[in-house]
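**Q** here's a sequence, model it:
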Amino acid sequence: MGQLTNLEIIRRTYEGPSSSNAQHLLAALSDFVEWTEAPGFPYGGTYIGVEAVMQNVFSRLATEWDDFKASVHTYHEVNEKDIIIVEGVYSGTYKATGKAFQAEFVHIYHLHEGKIIKFKQYVDSHVVQQAMTF
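**A** You can find the predicted model right below:
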């Protein structure tokens, strides 16, 4: 099997069972990835490195939410730029409040030699925050 394209690498992080998606994401992250969650999002900020991303974003999503999902409806590949843009909808229920939400998102991935080196999230953070408010 040949090397995966950038689009295939990113699709694999969204389109399978969540445990497989997580494994594919871990395998795709550069050791020095720069991961930016949107301001106003519960985990907003920029995290450098795989451990920081896992600790500050994904472990919290897994423990603070029920059925948190990122459902993609469109992928865009920027030719000759190693950039993949993903559009979709987040959904889930915040455990502490029992409130569910849906919010549109855009993710922008920059890749280099098959590894994600930079990620930036755009999302309607207000909708997410409302689910977290008593």
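
**Q** strands of the chain, start to end?
**A** All strands of the chain, identified by DSSP state E, fall at 29-37, 45-48, 65-78, 83-94, 100-112, 115-123.

**Q** what angle do the fourth one and strand 65-78 make?
**A** It refers to strand 83-94. Here strand 83-94 runs at an angle of 170 degrees relative to strand 65-78 (axes from the mean of the first three to the mean of the last three Cα atoms, to 10 degrees).

**Q** list the helices and strands strand 83-94 packs on?
**A** Contact here means 3 or more Cβ pairs under 8 Å, 6 or more residues apart in numbering; DSSP states H and E; on that basis strand 83-94 packs against helix 6-11, strand 65-78, strand 100-112, helix 125-132. (Glycine included, C-beta is placed from N, CA and C.)

**Q** tell me which residues in it are buried?
**A** Within strand 83-94, the residues that count as buried by 16 or more other Cβ atoms under 10 Å are I84, I85, V86, G88, V89, Y90, S91, G92, Y94.

**Q** returning to what we had before: mean neighbour count and distance to T46 added to the helices and strands packed on strand 83-94, as a markdown table?
**A** As requested, the helices and strands packed on strand 83-94 are exported to a markdown table (neighbours: other Cβ atoms under 10 Å; distance: least, Cβ to Cβ, whole Å):
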| stretch | mean neighbour count | distance to T46 |
| --- | --- | --- |
| helix 6-11 | 18 | 20 |
| strand 65-78 | 14 | 19 |
| strand 100-112 | 17 | 13 |
| helix 125-132 | 16 | 15 |
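
**Q** let's have these in CSV, adding mean pLDDT and distance to G49.
**A** Below are the helices and strands packed on strand 83-94 laid out as CSV (pLDDT from 0 to 100; distance: least, Cβ to Cβ, whole Å):
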stretch, mean pLDDT, distance to G49
helix 6-11, 96, 19
strand 65-78, 96, 21
strand 100-112, 97, 15
helix 125-132, 95, 24
